[in-house]
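Novice: predicted coordinates and the sequence they were generated for:
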Amino acid sequence: DAGVTQSPTHLIKTRGQQVTLRCSPKSGHDTVSWYQQALGQGPQFIFQYYEEEERQRGNFPDRFSGHQFPNYSSELNVNALLLGDSALYLCASSWVTRGAGANVLTFGAGSRLTVL
Amino acid sequence: GDSVTQMEGPVTLSEEAFLTINCTYTATGYPSLFWYVQYPGEGLQLLLKATKADDKGSNKGFEATYRKETTSFHLEKGSVQVSDSAVYFCALSDRSGGSNYKLTFGKGTLLTVNP
């Protein structure tokens, strides 16, 4: 059973360019979240998609946008790249839980973005 | 807002030593608490979790107890192995937005275990 898959694994862009990162969730999962992990830091929540809509958003500018497709896969788009956008971008999937208890996320290996 | 504070690293231990990584949190309401581990070049893997006060999460010899009175969730292992070398993240999950949770992470603690 494949877990969360992300592509590309590594990419290099220059300032001002745009980038699209892709994520396929674990089989059976319907919710996708994106996190940014700067070097030496913990992951920071960007946003979460469920039923093809953005449900929650962290403290990130509008340059960061996303999309979820009917098959639950997702894209993260970043426009007008800045040097500070260099980071590991992690996708995590889960399924909506309506009862009590923790919603456990399954993370992909990430896409390493370098902005020059 | 929610926040997680972890013991600063790096932590270097000899094999079979006792491990403690401290974690405290600030949150409104009643969060769930997690420890994630990140091995070099990989994504995060869930190590253990606890969903309410006094719960003890455990996995692979690691343990952590949800202490509401001290807002803590310290990670412990009685005897570490070289294969435990990784970065460990403490995290909390808030319940805002209904049942779709988001995680707030600490900065991570790098553990190196020498033979």
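Specialist: Happy to help now that I have it.
Novice: residues contacting residue A:58?
Specialist: By C-beta atoms under 8 Å, 6 or more residues apart in numbering or on different chains, the contact list for residue A:58 reads A:44, A:45, A:46, A:47, B:102. Quick note: C-beta positions are derived from backbone N, CA and C, even for glycine.
Novice: repeat the analysis, applying 7 Å as the threshold.
Specialist: Counting by C-beta atoms under 7 Å, 6 or more residues apart in numbering or on different chains, residue A:58 touches A:44, A:45, A:46, A:47.
Novice: can you pull out the strands in the chain?
Specialist: Using chain A. Here chain A has its strands, by DSSP state E, at A:5-7, A:10-13, A:19-24, A:31-37, A:44-50, A:53-57, A:64-68, A:74-78, A:87-94, A:106-107, A:111-115.
Novice: not what I meant, chain B
Specialist: Along chain B, counting by DSSP E, strands occupy B:3-6, B:11-14, B:19-21, B:23-26, B:32-38, B:44-50, B:56-59, B:62-65, B:75-77, B:86-94, B:102-105, B:109-114.
Novice: related to what we said a few turns ago, residue B:67 is nearest to which of the strands of chain A?
Specialist: Among those, the nearest to residue B:67 by C-beta to C-beta is strand A:44-50 (24.5 Å).
Novice: pLDDT wise, what is residue A:56 at?
Specialist: For residue A:56, the pLDDT comes out at 87.
Novice: same question, the one 10 residues further on
Specialist: If you check residue A:66, the pLDDT there is 97.
Novice: so it sits against residue A:74, correct?
Specialist: Yes. Counting by C-beta atoms under 7 Å, residue A:66 does reach residue A:74; the two are 6.2 Å apart.
Novice: neighbour-wise, which of those two wins?
Specialist: Neighbours were counted for residue A:66 and for residue A:74 using other C-beta atoms under 10 Å in any protein chain shown; residue A:74 has more, 25 against 21.
Novice: now that one. Nearest residue, chain neighbours left out?
Specialist: residue A:32 (4.1 Å; C-beta to C-beta, 6 or more residues apart in numbering or on different chains).
Novice: could you check how many residues crowd around the residue of chain B at minimum distance from chain A?
Specialist: Taking C-beta to the nearest C-beta as the measure, chain B has residue B:105 as its residue closest to chain A, at 3.4 Å. Neighbourhood size, residue B:105 [other C-beta under 10 Å]: 22.
Novice: repeat for the one 10 residues further on
Specialist: The local packing of residue B:115 (other C-beta under 10 Å) involves 6 other residues.
Novice: if I pick it, what's in contact with it?
Specialist: Residue B:115 neighbours (C-beta under 7 Å, 6+ apart): B:15, B:82.
Novice: same question for stretch B:76-92: list its buried residues.
Specialist: Buried residues in stretch B:76-92, counted by 16 or more other C-beta atoms under 10 Å in any protein chain shown: B:77, B:80, B:84, B:85, B:86, B:87, B:88, B:89, B:90, B:91, B:92.
Novice: as CSV, these with pLDDT and distance to residue B:42 would be great.
Specialist: Below are the buried residues of stretch B:76-92 laid out as CSV (pLDDT from 0 to 100; distance: C-beta to C-beta, whole Å):
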residue, pLDDT, distance to residue B:42
B:77, 98, 20
B:80, 97, 19
B:84, 97, 14
B:85, 96, 13
B:86, 96, 9
B:87, 96, 10
B:88, 97, 13
B:89, 97, 13
B:90, 97, 18
B:91, 94, 17
B:92, 92, 22
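Novice: what residues do residue A:66 and residue A:74 have in common as contacts?
Specialist: Here residue A:66 and residue A:74 share the contacting residues residue A:49, scored by C-beta under 7 Å, 6+ apart.
Novice: each with direction, which strands does the helix or strand of chain B with the lowest mean pLDDT pair with?
Specialist: Every helix and strand of chain B was ranked by mean pLDDT, DSSP states H and E. The lowest is strand B:102-105, at a mean of 90. Here strand B:102-105 has these sheet partners by DSSP bridges: strand B:86-94 (antiparallel).
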